[in-house]
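In: Quick one, fold the following:
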Amino acid sequence: QVQLVESGGGLVQAGGSLSLSCAASGLTFNYGMGWFRQAPGKEREFVAAISRSGSRTYYADSVKGRFTISRDNAKNTVYLQMNSLKPEDTAVYYCAAGTGLLPTTRSYYSYWGQGAQVTVSS
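Out: Predicted structure coming up:
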């Protein structure tokens, strides 16, 4: 049974930092990994992705230069370091694993975590 479990969300003031982790179990870690987010009343959107080896990363324009995705294959864990947070970053953040064609799209991913709330106050 595949499980992706996010942790590390919370409340932070604008300009602050948070780090999210996603621990994967039940699958060989030979998957591309990604982070998406969904704000209230909005569609789930791509945030960042990392290739199986970790050699390639992808970012949404809205987070480029502020967020960093990384992975530790020995620990089956992917991370999202979020700096210079803005109120518009407030959302539920989802970790995902997949082997599709385009890691910036939802269709790439087969497995999803339950989500972690990130709230940025102004």
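
In: so Y93 touches A39, yeah?
Out: No: Y93 sits out of contact with A39 when judged by C-beta atoms under 8 Å, with a separation of 10.3 Å. No exception for glycine: its C-beta is placed from N, CA and C like everyone else's.

In: Give me the more crowded residue out of those two.
Out: Y93 (23 against 14; other C-beta atoms under 10 Å).

In: Now do the helices in the protein.
Out: Along the chain, no segments are classed as helices by DSSP state H.

In: Report the central residue of it.
Out: A centroid search over the chain (C-alpha atoms, centre = their mean) returns W35, at 2.3 Å, as the residue closest to the centre.

In: what separates stretch 95-111 from the chain centre, distance-wise?
Out: With C-alpha atoms, centre = their mean, to the nearest Å as the basis, the distance from the averaged C-alpha position of stretch 95-111 to the chain average is 12 Å.

In: State the mean pLDDT of it.
Out: This predicted structure assigns stretch 95-111 an average pLDDT of 93.
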